[in-house]
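Enquirer: Requesting a structural model of the entry that follows:
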Amino acid sequence: MQNRTVQTDVVVVGGGLAGVSAAVAAARLGRRVALVNNRPVLGGNSSSEVRVWVCGATAHGNQRWARENGVVGEMYVENQYRNPEGNPVYWDDVVLDTVRREENIELFLNTDVREVEATGPDDSRRIESVTGWTMGSEILTRFEAPIFLDCSGDGLVGHLAGARYRLGKESRAEFGEEWAPEEPRREFLGSTLLFYTKDLGKPVKYVPPETAIDITKTPIPESRVIRSGDSGAHYWWIEWGGELDIVADNERIRDELRGVILGIWDYIKNSGKFDADNLTLEWIGNVPGKREYRRFIGDHTLTQQDVVGQTRFPDTVAFGGWSIDLHPVGGMYEPGAGAVQRFSDGVFEIPYRCLYSVNVENMLMAGRDISATHIAFGASRVMATCGTLGEAAGTAAALCVEHGLTPRELGARRTPLLQQTLLRQDASVLGVANEDPDDLARSARVSASSHQRVVGVHRHGDGSVAADDVRADRLESDLGIVLPVDPVLEHVDVLLSADVDTTLEVEVHSTGLPQNVVPAHLEHAASVPVPAGGERWVRLPARYNPDRPANAVVVLRANPHVEVRTSRPLPPGVLTLVHGQDADDQNVSVTAGRLLSWPTKPMRGRAVCFSAGPESRALAPERAVSGYHRPYGGPHEWASAPMREGVEEWLQLDWDAAVDPREVHVVLDDDVDLELNTLHHHRSPDEVLPQLVRDYRVEVLPADADAWRTLTAVRDNRWRHQVHPVVGFGPLRALRLVVERTNGAPEARVVQLRVQA
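Expert: The predicted model follows:
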């Protein structure tokens, strides 16, 4: 047996998406990181060992402009390119490559941390080291660092260090949560095993083993949807153990889950109710995917009110959008729905104070063990959200080491530093403006070759639509056109036809919070006569004058005598809503709300053929340095006029006095409205997102030169965030990004152009 000691700046325990994102974030900021995982593969519940698809703030497409950026976003986009079929083995390598790419990370797989050395009184503990045993290699490793991150899911490191935590459900009175039980209960969300099937093209028999459970003697056949063509995470509802101890009873839970899977397969193959003759059982998981166990206590506990009310936090560092997703304690044996979901009207913020221990001074946590009630945890626990929390915690850890602070001291003294660092790294932060004094772009004059002055679908001079796949859609349901307003909206022109003389009712609604895109407050209403006749542009009054740039929803009320024209693709900053109810999964009971009453999925990617007036600044050049890097009261990006063959578009920064930059950050539009589930719950045909710029150059104008010089030329880009060092040019008086070609979008789109001193 070997004994060794590893000393680094940061130790991250847990190789799920929270731990991976934390390690990568800290490493990119120059910290030496030990990433310790007790399994042979990274990815946690998303790995090929468990095979849960990665869900996040998009909530299977229910939330809008909600997909995560940062480290998780990079992995989503890379998986879309490498793995369009959703192979969980390929996803393993996407995650592993993300870690291996970082020279500052030392990775320890198959290393189970089971010993923690911590000192100090109960109210002020400090972790000195953690020790892990590497299976197969027979190595005992002591890991030492000034900062430790518990991303282990079950929270074993913090538990052994003496960190305070919660188990089970809080009482309704403790936090005033309407959906909490009257009395506290030691009950959990259960664990899950999944299975995969394969069509062999010939009949295959199935003889159930003795461990198979006869599900006909349970409520499962009547209360759950079973389909022979489904496999993997479609069977998320194979869940059990909520009444037990999720950790202590892990082996019992696994055996029960496996027995039920074998019983379900027996039912599919041998009941005669399914077309399954040629199907065989290809794979069953053996590692239960756990949902819930310890939740550490931080300086803030996220609550139901924070999620549903979309609380604004001064120390916001991440966001979520998944529903408050609560499952019955009996899991698959409950006769009712497998889950009850309640959505907020848009994405919600998560504060930094949820990410460090209240009593272990050098411990941060990320993933499903953050400081949250059982109810709020139902929304924050999904893996992409856990990844954003990991990136925030890893960034905080790096800053703590750099500045000699504890996590609590960082929050108390340097919250703006943490937030601005996250923004610079393009992390998933909502509603925080770029105020970085080292971003030289903020002091530059911004200009461009062109920009879209009219929000809407492009029109030719003869009034025809410059778009593809134009079709007539009868106005059977209310339609909502989401569009940015900057500075004012007066009217929209809509391309439509009418069977008879009729009247079209039109309304303008504001959305409440800047991140929301559902009708919240009526701002204007009008009735417009529409004479019978063929296709024509009809002007609809739509008055809205917000005090700052904002989203609006122009609602066309249902009228079966009217057909509106719709087309592809969606213009930047625009979405189409359809008034009605939308449900993805028959195993789920969903509480209706404004979000689900106005889904985008029925017309995903399609736009009503409209143009808004007067001219708008929503897509002007200065939006690329406006301070935000996500849609927030508007798209916050520059969009050029439609590109023409052989004609380049450019975005330029000019300074009155020469500047000396270190690097250029280019942040491009990768359509954060599109869900990119790792195993493709919703499929997208685009392996590379068409909104991304494909070929571009960064050019600089040195202070002592009269001609532009090329800093870098990028070809076949498929990334959202690119960083280009500036070396060997001396002081600059101008810099520009020249777009040569996109990956399919008709216009060039740039979310942010940063020039770091």
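Enquirer: okay, and the helix or strand of this structure with the least pLDDT?
Expert: strand 588-591 (a mean of 84; mean pLDDT, DSSP states H and E).
Enquirer: Parallel or antiparallel, list what pairs with that strand.
Expert: Sheet pairing of strand 588-591 (DSSP bridges) gives strand 339-342 (parallel).
Enquirer: After the partner strand, which helix or strand is next?
Expert: Next along the chain after strand 339-342, taking DSSP states H and E as the criterion, comes strand 348-351.
Enquirer: Check which helices and strands that following strand is in contact with.
Expert: On a contact count with 3 or more Cβ pairs under 8 Å, 6 or more residues apart in numbering; DSSP states H and E, strand 348-351 meets helix 304-308, strand 316-320, helix 383-403. (Glycine included, C-beta is placed from N, CA and C.)
Enquirer: could you redo the last one with a cut-off of 7 Å?
Expert: Packing partners of strand 348-351 (3 or more Cβ pairs under 7 Å, 6 or more residues apart in numbering; DSSP states H and E): strand 316-320.
Enquirer: from the middle of its chain, how far away would the strand it packs on be?
Expert: Strand 316-320 sits 10 Å away from the centroid of its parent chain (Cα atoms, centre = their mean, to the nearest Å).
Enquirer: got it, and stretch 294-313?
Expert: Using Cα atoms, centre = their mean, the offset of stretch 294-313 from its chain centre is 18 Å.
Enquirer: end-to-end on that stretch?
Expert: End-to-end distance for stretch 294-313, by Cα to Cα, to the nearest Å: 24 Å.
Enquirer: Tell me the buried residues in that stretch?
Expert: Residues of stretch 294-313 classed as buried by neighbour count (16 or more other Cβ atoms under 10 Å): 294-308, 310-311, 313.
Enquirer: List the contacts of residue 721.
Expert: By Cβ atoms under 7 Å, 6 or more residues apart in numbering, the residues touching residue 721 are 426, 665, 667.
Enquirer: got the contact list for stretch 676-688?
Expert: 46, 53-55, 60-61, 67, 76-77, 79-81, 84, 86, 88, 91, 232-233, 674-675, 718, 743.
Enquirer: Next, work out how far apart the residue sitting furthest away from the middle of the chain and residue 457 are.
Expert: Distance from the centre of the chain peaks at residue 501, with 45.8 Å (Cα atoms, centre = their mean). Distance, residue 501 to residue 457, using Cβ to Cβ, to the nearest Å: 26 Å.
Enquirer: and what of residue 174?
Expert: Counting by Cβ to Cβ, the gap from residue 174 to residue 457 is 52 Å.
Enquirer: the more surrounded of the two?
Expert: Comparing residue 174 with residue 457 by other Cβ atoms under 10 Å, the one with more neighbours is residue 457, at 25 against 14.
Enquirer: That one: what's it in contact with?
Expert: Here residue 457 is in contact with 465, 467, 567, 571, 607, 609-611 (criterion: Cβ under 7 Å, 6+ apart).
Enquirer: For my notes, confirm residue 446 occurs in a strand.
Expert: Yes - counting by DSSP: H, G, I helix; E, B strand; the rest coil, one finds residue 446 located in a strand.
Enquirer: Pretty sure it sits against residue 625.
Expert: Yes - using Cβ atoms under 7 Å, residue 446 is in contact with residue 625, at 5.7 Å.
Enquirer: For those two, indicate the residue with more neighbours.
Expert: Higher neighbour count among residue 446 and residue 625: residue 625, with 23 against 19, using other Cβ under 10 Å.
Enquirer: what's the nearest residue to the more buried one if we skip its chain neighbours?
Expert: Of all residues not flanking residue 625 in the chain, residue 441 sits nearest, at 4.7 Å (Cβ to Cβ, 6 or more residues apart in numbering).
Enquirer: so where's this structure uncertain?
Expert: 582-584, 592 (pLDDT under 70).
Enquirer: How is it partitioned into domains?
Expert: Structurally, the chain divides into domains by automatic domain parsing as follows: 2-168+300-324+345-424, 191-284, 440-451+624-756, 468-613.
Enquirer: most packed of these?
Expert: domain 2-168+300-324+345-424 (a mean of 23; mean count of other Cβ atoms under 10 Å).
Enquirer: Tell me how far that one lies from the chain's centre.
Expert: 15 Å.
Enquirer: Check stretch 292-312 too.
Expert: On Cα atoms, centre = their mean, the centre of stretch 292-312 falls 18 Å from that of its chain.
Enquirer: what distance separates the start and the end of it?
Expert: 26 Å.
Enquirer: How about stretch 291-299?
Expert: 23 Å.
Enquirer: contacting residues around that stretch?
Expert: Residues outside stretch 291-299 that contact it (Cβ under 7 Å, 6+ apart): 154-155, 158-159, 163-167, 188-191, 246-247, 353-358, 365, 368-372, 377, 381, 408.
Enquirer: Which of these fall in helices?
Expert: 158-159, 377, 408 (DSSP state H).
Enquirer: re the thing from before, pretty sure the residue nearest to residue 625 sits against residue 652.
Expert: No - applying Cβ under 7 Å, one finds residue 441 not in contact with residue 652, separated by 10.8 Å.
Enquirer: Distance to residue 596 added to the ones in helices among the contacts of stretch 291-299, as JSON lines?
Expert: JSON lines is the format used below for these (distance: Cβ to Cβ, whole Å):
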{"residue": "158", "distance to residue 596": "36"}
{"residue": "159", "distance to residue 596": "38"}
{"residue": "377", "distance to residue 596": "21"}
{"residue": "408", "distance to residue 596": "39"}
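Enquirer: still on that earlier bit, so the residue nearest to residue 625 sits in a strand?
Expert: No - checked against three-state DSSP, residue 441 lies outside a strand; its state is helix.
Enquirer: partner residues bridging residue 283?
Expert: Bridge pairing for residue 283 - DSSP bridges - gives residue 196.
Enquirer: That one and residue 50, how far apart?
Expert: Counting by Cβ to Cβ - residue 283 and residue 50 are separated by 11 Å.
Enquirer: about what we covered before: taking the ones in helices among the contacts of stretch 291-299 together, which two end up most distant?
Expert: Farthest pair in the ones in helices among the contacts of stretch 291-299 (Cβ to Cβ) is 377 and 408. Separation: 21.8 Å.
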